[in-house]
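Q: Predicted model follows, preceded by the sequence.
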Amino acid sequence: MSLVFPHTFVPWFRAVAPYIHAYRGKTFVVGMTGELIAAGKLDHVAQDLAILHAMGIKLVLVHGFRPQVNEQLAAKGHSSRFSHGMRITDAVALDCAQEAAGQLRFEIEAAFSQGLPNTPMANATVRVVSGNFLIARPVGIVDGVDFMQSGVVRRVDAKSIRGAIDIGAVVLLSPFGFSPTGEAFNLAMEEVATATAIALQADKLLFLTEIPGILEDRNDPASPIDTEMALVDARRLLADLPRPTQPTDLAFYLQHCVKACESGVERSHILPFAVDGAILQEVFTHDGIGTMVVDEKLESLHEATADDVGGILQLIEPFERDGTLVRRERTEIERDIANYTVIEHDGVIFGCAALYPYPEGRTGEMAALTVSPQVQGQGDGERILKRIEQRARSLGLDSIFVLTTRTMHWFIKRGFVHVDPEWLPDARKRKYNWDRRSQVLIKKLV
C-alpha cells in the first residue's frame, strides 16, 4: 500500500492546479517516435496521455515507425535507404511500412484500452479514432534522387480531426497519406505532426524523441538543457546548423518546432522519451524538462493590473498564514494594484512586490515581496527587486526600505542596511506595529 504525505502532496497538487485550468479544452499534437515504442515506453506514455485527456485536453497522436520499418526490411533481406534525411520508399519499403503501421496502431490502441486497477488507466475511457485524414503528394526527384513512394503532406482534414477530438476521442495518425487517386505515400512523422498542429492551430506541438532537448552550450554534452527558446533565437541557431540527415542531429526536430511556431502554433517542444513522465513534467511544471520554442518569452515582468489580483492573493496567502507577511485584504490589494509589480510565466504569477512611495522623505517602502517556493533560487526575487528600484528612481526617490521579521539576510546580501524604526517617514511610523517588532532595512539608490 502506497502512502500519501499531505505535507508534500497537497502543495504539489495546488501548484499544478493553475496549469489544469489553463489547458482544459486546449489542443495538443504529440509526435511519438518509433524508437519510443521499440524501447518499451508505450504503456507509460499512454498512461500519461490518458491523464491529459482526463483533464480535458484534446489530443492528436502521431506515431513514427522508422526502426520498425528497418526491422521489416532487414527480415526480407533488403537494406534501408535514406537521402536528405528522408526514406527512399520503393515497393518493398512501402509494403514494410504498411505492415509496421498496422502493428503499431494495434499496439497503441491496446495501450489506451488498459484498465487495470491501481494504474493511471483505471476507470479511464479513451476512444482512439484513426482515418484517412491526410492528403499527400510525392516528394518526387530531388538532386537526382527518386524518392518513389515517399511523400509530403499536401492537406490535413482539420475539420474531421476537430470533430473527433471535440467529442472526446484521441485521434491517432499514422505517417501515411493518400493522393486523390488513392495512391499511398510514406510520410515523415515529424512532418505529419507539424502539418497537423498548424492545420488545427494547436496550442502545443510536442515531440517525444531520442534527444533530451537543445543544450544551452551546444559544444558541451554536460551543459543543461535550454528549457525555453524564443523563436528568433531558434531561427538563428537553425541557420548556423548543418542540414539534418538523422533524428539525432540538433536541427532535425528543431526545424519542425520553428516551422510550427512561425505558422501560428503557440508552443512547440522537444522532450526525451527516456525520462519517465517527461510529458507531464513539461506540461505541469514551471521550467519543464525539455526545450520549448515559443514566439515570445513566456516569462513576463510587468506592472500589475486588476486581472492580477487573484494571482497575487493566491501567491501571498501561504506566507501570510505562516506569519512571513502581514495579512492584506483583497480590497486593499485591489485599491493598491498599481503599486504592484508581478512576474508571471505562462499566465501564472510566481512573484510580486509593491512599492509605496513617501515623497516627503524621498523614499519608498517595498512591501509584499514574494516568490513562489516552486521557483525560489532562480533569480526572480532579484529581478523584482531591480524593477522596484527602477520604479523608485523614476519617481525621484533616493532610497527604498523594507520591514521584515524573517528575511533580513536576503536583503542585507543585496545592499540593505539596518536602521532604527525612528528613521521611518512620519506617515509610515504612525502605522508601524511595535508588537511585531519588524526590522527596518534601507537601501540607497545611486
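A: Ah, there it is. Numbers count the residues shown, from 1 in each chain.
Q: Can you show me the CA trace of the strand ranked longest in the chain as CSV?
A: Ranked by residue count, the top strand of the chain under DSSP state E comes out as strand 348-358. Only the C-alpha atoms of strand 348-358 are listed here, as CSV (Å, rounded to 0.1, in the frame of the first residue of the first chain):
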residue,chain,number,x,y,z
VAL,A,348,0.7,32.0,-13.7
ILE,A,349,2.1,34.6,-11.2
PHE,A,350,5.2,33.4,-9.5
GLY,A,351,6.4,36.6,-7.8
CYS,A,352,5.3,40.0,-6.8
ALA,A,353,6.2,43.1,-4.8
ALA,A,354,4.6,46.5,-4.1
LEU,A,355,6.2,50.0,-3.9
TYR,A,356,4.6,52.6,-1.7
PRO,A,357,6.2,56.0,-2.2
TYR,A,358,6.7,58.6,0.6
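Q: Mind listing the strands it pairs with, and their directions?
A: strand 340-345 (antiparallel), strand 363-371 (antiparallel) (DSSP bridges).
Q: By mean pLDDT, show me the worst of the ones you listed.
A: Mean pLDDT per stretch puts strand 340-345 lowest among the strands paired with strand 348-358, at a mean of 90.
Q: chain center to that one: distance?
A: 19 Å (CA atoms, centre = their mean, to the nearest Å).
Q: returning to what we had before: got CSV for the strands paired with strand 348-358, with distance to Trp434 and mean neighbour count too?
A: All C-beta atoms are positioned from the backbone trio N, CA, C, and that covers glycine. As requested, those are exported to CSV (distance: least, CB to CB, whole Å; neighbours: other CB atoms under 10 Å):
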stretch, distance to Trp434, mean neighbour count
strand 340-345, 27, 22
strand 363-371, 17, 23
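Q: To Val265, which of the ones you listed lies closest?
A: For Val265, the closest of these is strand 340-345, at 18.9 Å, according to CB to CB.
Q: which residues of the stretch 201-350 of the chain score low on pLDDT?
A: For the stretch 201-350 of the chain, the stretches with pLDDT under 70 are 296-299.
Q: Tell me which stretches of it form helices.
A: Taking DSSP state H, counting those that start in this stretch, the helices of the stretch 201-350 of the chain run over residues 231-240, 250-262, 278-284, 309-321, 330-335.
Q: Distance to Ile165 for the strands paired with strand 348-358 - can I get that in CSV?
A: Supplementary listing: the strands paired with strand 348-358 in CSV, determined by distance: least, CB to CB, whole Å:
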stretch, distance to Ile165
strand 340-345, 27
strand 363-371, 37
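Q: Can you tell me which of those is nearest to Ile316?
A: Closest approach to Ile316 among those is made by strand 363-371 (5.0 Å; CB to CB).
Q: relative to helix 309-321, how tilted is the closest one?
A: Put simply, strand 363-371 runs at 90 degrees to helix 309-321, going by axes from the mean of the first three to the mean of the last three CA atoms, to 10 degrees.
Q: mind exporting strand 363-371 as CSV, just the C-alpha atoms?
A: C-alpha atoms of strand 363-371 as CSV (Å, rounded to 0.1, in the frame of the first residue of the first chain):
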residue,chain,number,x,y,z
THR,A,363,11.9,57.2,0.0
GLY,A,364,9.5,54.3,-0.7
GLU,A,365,8.6,51.1,1.0
MET,A,366,8.9,47.8,-0.9
ALA,A,367,6.2,45.5,0.6
ALA,A,368,4.9,42.0,0.0
LEU,A,369,8.0,40.8,-1.9
THR,A,370,7.1,37.2,-2.5
VAL,A,371,8.5,34.4,-4.8
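Q: how distant is the next helix or strand after that strand from the center of its chain?
A: Toward the C-terminus, strand 363-371 is succeeded by helix 380-394 as the next helix or strand (DSSP states H and E). The chain centre lies 27 Å from the centre of helix 380-394; the measure is CA atoms, centre = their mean.
Q: Kindly report the same for stretch 395-412.
A: The chain centroid and the centroid of stretch 395-412 are separated by 34 Å, computed with CA atoms, centre = their mean.
Q: Quick check, Ile384 in contact with Tyr340.
A: No. If you go by CB atoms under 8 Å, Ile384 and Tyr340 don't touch, sitting 10.0 Å apart.
Q: shared neighbours of the two, which are they?
A: Each of 352-353 lies in contact with both Ile384 and Tyr340 under the rule CB atoms under 8 Å, 6 or more residues apart in numbering.
Q: What ranges does the stretch 1-150 of the chain have for its strands?
A: For the stretch 1-150 of the chain, applying DSSP state E, counting those that start in this stretch gives strands covering 27-32, 58-63, 82-83, 86-87, 128-129, 134-138, 141-142, 145-146.
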